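Undergrad: Give me a 3D structure for the following:
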Amino acid sequence: MQWILGIALAAAVFIILKQWGALTPEKKKAATWKILLVTGAALLLFMVLTGRVHVLTAAVAALLPLLRKVPALLRFAPMVRRVFGQPLNHEAHDSGSGESRHQPADSSGNMSVKEACEILGVEPDCAEEVIIQAHRRLIQKLHPDRGGNDYLAAKINEAKSVLLKSRA
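TA: Numbering: from 1, shown residues only. Prediction:
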């Protein structure tokens, strides 16, 4: 059995090296990446079959090379939504009024204390320090520089200012 595998491996190496010489530098670069991916996949499969790696870990590792295709696939997201019957955000309107369901990103200034408490996750009679800590915790998670958006950051900031003004 080992002789057969050795002969098959030697033949594969011979064929690959023969075709390698005929490639242009651009095609050699692409072929190098393909060889690395195939070798990595074979090694991963070997490790799964021998019990050295769990199958779920191997599945995650196998999906990693596909992550670079995600931006190209996101172009098709609106088409997929239409196919499955979910309206796009700009198509969703309130009951015949013609207004969009989205609120503007700037804060309107009419947030209630109860709503501000719900946003920050604090009690209405809590101390200023608790408000500041809750604001800091949320803004660190949802700041636009860290993957959040302007609307959520504005609401969190507005909630903090409403609660601090209600204390004065």
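Undergrad: Leu64 versus Ala30, what's the distance?
TA: Going from Ala30 to Leu64 by CB to CB, to the nearest Å gives 19 Å. (C-beta placed from N, C-alpha, C; glycine too.)
Undergrad: which stretches of this structure aren't confidently modelled?
TA: 80-82, 85-109 (pLDDT under 70).
Undergrad: All the helices of it, residue numbers only.
TA: In the chain, helices defined by DSSP state H lie at 2-20, 25-49, 55-63, 70-74, 77-83, 113-120, 128-142, 150-167, listed in chain order.
Undergrad: okay if I get those helices as CSV plus mean neighbour count?
TA: Shown next, in CSV, are the helices of the chain (neighbours: other CB atoms under 10 Å):
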stretch, mean neighbour count
helix 2-20, 10
helix 25-49, 12
helix 55-63, 11
helix 70-74, 9
helix 77-83, 11
helix 113-120, 17
helix 128-142, 15
helix 150-167, 17
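Undergrad: ok, Val53 - contacts?
TA: Contact analysis of Val53 by CB atoms under 8 Å, 6 or more residues apart in numbering lists 44, 47, 61.
Undergrad: do you know how far the closest residue to the second one other than its chain neighbours is from Leu152?
TA: With CB to CB, 6 or more residues apart in numbering as the measure, Val53 is the residue that lies nearest to Met47, at 4.2 Å, once sequence neighbours are left out. Relative to Leu152, Val53 is positioned 39 Å away (CB to CB).
Undergrad: what's the answer for Pro71, then?
TA: In terms of CB to CB, Pro71 sits 23 Å off from Leu152.
Undergrad: for Val55, same thing?
TA: Distance, Val55 to Leu152, using CB to CB: 38 Å.
Undergrad: I'd say Ala121 and Gln133 touch.
TA: For residue 121 the amino acid is Gly, not Ala. No: applying CB atoms under 8 Å as the test, Gly121 and Gln133 come out as separate, 10.6 Å apart.
Undergrad: tell me, what's touching those two both at once?
TA: Shared contacts of Gly121 and Gln133 (CB under 8 Å, 6+ apart): none.
Undergrad: and Ile35, what does it touch?
TA: Per CB under 8 Å, 6+ apart, neighbours of Ile35: Ile16.
Undergrad: Check Ala41 too.
TA: Applying CB under 8 Å, 6+ apart, the residues near Ala41 are Ala62.
Undergrad: one more time with 10 Å
TA: By CB atoms under 10 Å, 6 or more residues apart in numbering, Ala41 lies in contact with 58, 61-62, 65.
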